[in-house]
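Asks: generate a structure from the sequence data that follows.
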Amino acid sequence: MTLRRLLLPLISVLVLPLLADCHKGEPPRPRNVIFILVDTLRADHLGIYGYTRRTSPHVDALAGESVLFRNARSQASCTFPSANSILTSRYPSAFLGQANDALGIPDGIPSIAEVLQGQGWRTVAVSASPVVRKSPGRFNPSGGYGRGFEVFDEGCTWKPANCVNRAAFRELEANQGNAGDTRPLFLYLHYLDPHGPYHPPQGHPHTWASGRPEKKFIRDGNPNPIGDHIYKGAPDPGITPADLTYLIDLYDEEIAYFDGQLGRMLDELRRRGLLDTSILVFVSDHGEEFLEHGHIKHCRTVFDTSIHTPMMVRVPGVNPRSVSEPVQNLDIVPTLLDYLGIDPAKLPLEGRSLRPLIGGGRLPPGPQGAPGARAGWQFGMQGTLRSAADGRYKLIHDLASGTFALYDLRADPGETRDTVRQDRRAFHGLRESLTAWLARTEGRGKAAESLEADRKLRSLGYIE
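Replies: Prediction:
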């Protein structure tokens, strides 16, 4: 028998399966998904997005290994329903008006966890959020986020990132310790840092927040008295510029604390070999306001301080790059399904796979005549506010007053100058797209349901 005949069977066994798993020169399909959501994290307070303070060396290093989306926006400025949109690729209107004012993901709208569990995956969540919960709690009396998760650990509610890490490490140990369980893993980690009150754990060295402000609530990193004055008519707490600066300093300390814990999580994933086999997503549900537009905290506006969020996707074997095209948080689930080879045809997804952008190409146009037929549209909502952005301009429409405001994000990233009278072509184009989007996703009555959802969160004490 010739050497060629001896080698051919060996080649077919060892090499051909590897070739079959590659698609047009792309790396093999990722086996696991690590999904990291950081609550209340503004993109513009991270070094990779241009912040001058060194708040995020580990986030920045992760971005250097990932495809970084510089122009991503969330679909709401509140955890409910922003997190719902992220996990299901549905616009926020799909979650309004639930029976008994429920905040979770309704039956009939599958989350990424449900989809993967149905494909035989092991699905694990560790959440510090008082809203994203499996069981009822003070700020979410109905729970409703546990469906599709084999394990949903909510023992870290309101606790800092080291608690989430410890719980996640236990689950990773259990996952790899069970030699008979060969299922792929979906791990969802919901960190609460830097959600208010801005109070990094004892022992975290302060870099920016120094001194001892006179007002105790400022020292405690508690912005609620400011909100009580703005929204409830409480007495003016007499906030000074120095007070506001101290709150921002503490917010940045929270980010820096989380960043250190992210470094520990990434080291553990790397030690276990999971970074080599997993697609990793890093995203935030919304940002935070510090009176830039007269508001404090979140759940109030659709300005970029509240909805411009960090987003990066790390795919083993895919070259890191920075993407400037506008994308939405609800594009994450279609992207994951695309990489995992799961047909989304029967799923009610409203986002689009970003795989072409991740691979260095461009997004194809959507169906003719559909809102967002042109790649790059971004839509958002909060209360009676609705927004549409096209990468340069953002239009904000208040359904209650009927008024519009237009901002040139390139010339005025702080959204301080309304140009609706000057930029009429941009205004009409965005208004047409926003009107079509509202008709398709909300119809009539959703504005009232959106306000009712806000009232529900206020009654629970989540929104001040």
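Asks: going forward, measure contacts and count neighbours with C-alpha atoms only.
Replies: Fine.
Asks: which residues in the stretch 251-400 of the chain form helices?
Replies: 304-307, 332-340, 355-358 (DSSP state H, counting those that start in this stretch).
Asks: the strands in the stretch 51-200 of the chain, which residues?
Replies: Secondary structure of the stretch 51-200 of the chain (DSSP state E, counting those that start in this stretch): strands at 67-69, 72-73, 122-127, 151-153, 185-191.
Asks: beyond the last one, next helix or strand please.
Replies: The reference is to strand 185-191. helix 216-219 (DSSP states H and E).
Asks: which SSE is immediately downstream of that next one?
Replies: helix 224-232.
Asks: mean confidence (pLDDT) on that following helix, please.
Replies: Taken as a whole, helix 224-232 carries a mean pLDDT of 95.
Asks: and what of stretch 425-440?
Replies: The model assigns stretch 425-440 a mean pLDDT of 94.
Asks: mind listing what's buried in that stretch?
Replies: Buried residues in stretch 425-440, counted by 16 or more other Cα atoms under 10 Å: 426-427, 430-431, 433-434, 436-438.
Asks: now those residues as JSON lines including distance to residue 260 and secondary structure?
Replies: Shown next, in JSON lines, are the buried residues of stretch 425-440 (distance: Cα to Cα, whole Å; DSSP: H, G, I helix; E, B strand; the rest coil):
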{"residue": "426", "distance to residue 260": "42", "secondary structure": "helix"}
{"residue": "427", "distance to residue 260": "43", "secondary structure": "helix"}
{"residue": "430", "distance to residue 260": "41", "secondary structure": "helix"}
{"residue": "431", "distance to residue 260": "43", "secondary structure": "helix"}
{"residue": "433", "distance to residue 260": "42", "secondary structure": "helix"}
{"residue": "434", "distance to residue 260": "40", "secondary structure": "helix"}
{"residue": "436", "distance to residue 260": "44", "secondary structure": "helix"}
{"residue": "437", "distance to residue 260": "40", "secondary structure": "helix"}
{"residue": "438", "distance to residue 260": "41", "secondary structure": "helix"}
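Asks: can you tell me which of those is closest to residue 138?
Replies: Proximity of the buried residues of stretch 425-440 to residue 138 was ranked by Cα to Cα; the top entry is residue 438 with 32.1 Å.
Asks: could you measure from that closest one over to residue 406?
Replies: 18 Å (Cα to Cα, to the nearest Å).
Asks: any stretches of this protein with poor pLDDT?
Replies: 1-27, 179-180, 366-375, 444-464 (pLDDT under 70).
Asks: switch the cut-off to 50
Replies: Within the chain, the segments meeting pLDDT under 50 span 1-23, 368-373.
Asks: strands of the stretch 301-450 of the chain, residue ranges please.
Replies: 311-314, 321-323, 327-328, 378-382, 385-389, 393-398, 404-408.
Asks: how far does the fourth one sit from its chain's centre?
Replies: Relative to its chain's centre, strand 378-382 lies at 14 Å (Cα atoms, centre = their mean, to the nearest Å).
Asks: C-alpha coordinates for it, CSV please?
Replies: Extracted as CSV, the C-alpha positions of strand 378-382 are listed here (Å, rounded to 0.1, in the frame of the first residue of the first chain):
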residue,chain,number,x,y,z
GLN,A,378,-31.4,54.1,15.6
PHE,A,379,-34.7,54.5,17.5
GLY,A,380,-35.3,55.0,21.2
MET,A,381,-38.1,55.8,23.6
GLN,A,382,-38.6,56.9,27.2
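Asks: and the angle from it to strand 385-389?
Replies: Here the directions of strand 378-382 and strand 385-389 differ by 170 degrees (axes from the mean of the first three to the mean of the last three Cα atoms, to 10 degrees).
Asks: and strand 378-382, which strands flank it?
Replies: The strands beside strand 378-382 in its sheet (DSSP bridges) come out as strand 385-389 (antiparallel).
Asks: over to the last one?
Replies: The sheet places strand 404-408 alongside strand 393-398 (antiparallel), with pairing taken from DSSP bridges.
Asks: and if you look at the second one?
Replies: Strand 321-323 sits in its sheet next to strand 67-69 (parallel), going by DSSP bridges.
Asks: can you give the contact residues for the partner strand?
Replies: For strand 67-69, the surrounding residues in contact (Cα atoms under 8 Å, 6 or more residues apart in numbering) are 310-314, 319-327, 358.
Asks: now swap in stretch 186-193 and tell me
Replies: 32-41, 113, 116, 121-129, 158-161, 164, 168, 254-255, 258.
Asks: same thing but at 6 Å, please
Replies: By Cα atoms under 6 Å, 6 or more residues apart in numbering, the list of residues contacting stretch 186-193 from outside reads 32-39, 123-129, 161, 254.
Asks: now swap in stretch 243-259 and tell me
Replies: Contact with stretch 243-259 is made by 55-56, 58, 161, 193-194, 198, 200, 208-209, 221, as judged by Cα under 6 Å, 6+ apart.
Asks: give me that answer again for 7 Å
Replies: Contact with stretch 243-259 is made by 55-56, 58-59, 161, 193-194, 198-200, 204, 206, 208-209, 218, 221, as judged by Cα atoms under 7 Å, 6 or more residues apart in numbering.
Asks: CA atoms of that stretch as CSV?
Replies: Coordinates of the C-alpha atoms in stretch 243-259 are reproduced here as CSV (Å, rounded to 0.1, in the frame of the first residue of the first chain):
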residue,chain,number,x,y,z
ASP,A,243,-21.2,69.0,44.8
LEU,A,244,-22.0,67.9,41.3
THR,A,245,-18.3,67.3,40.5
TYR,A,246,-18.0,65.1,43.6
LEU,A,247,-20.9,63.0,42.4
ILE,A,248,-19.3,62.6,39.0
ASP,A,249,-16.0,61.7,40.7
LEU,A,250,-17.7,59.0,42.7
TYR,A,251,-19.4,57.7,39.6
ASP,A,252,-16.0,57.4,37.9
GLU,A,253,-14.7,55.6,41.0
GLU,A,254,-17.5,53.1,40.6
ILE,A,255,-16.4,52.6,37.0
ALA,A,256,-12.8,52.1,38.0
TYR,A,257,-13.8,49.6,40.7
PHE,A,258,-15.8,47.6,38.2
ASP,A,259,-13.0,47.8,35.7
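Asks: which one (most neighbours) among the contacts of strand 67-69?
Replies: Highest neighbour count within those, by other Cα atoms under 10 Å: residue 310, with 31 neighbours.
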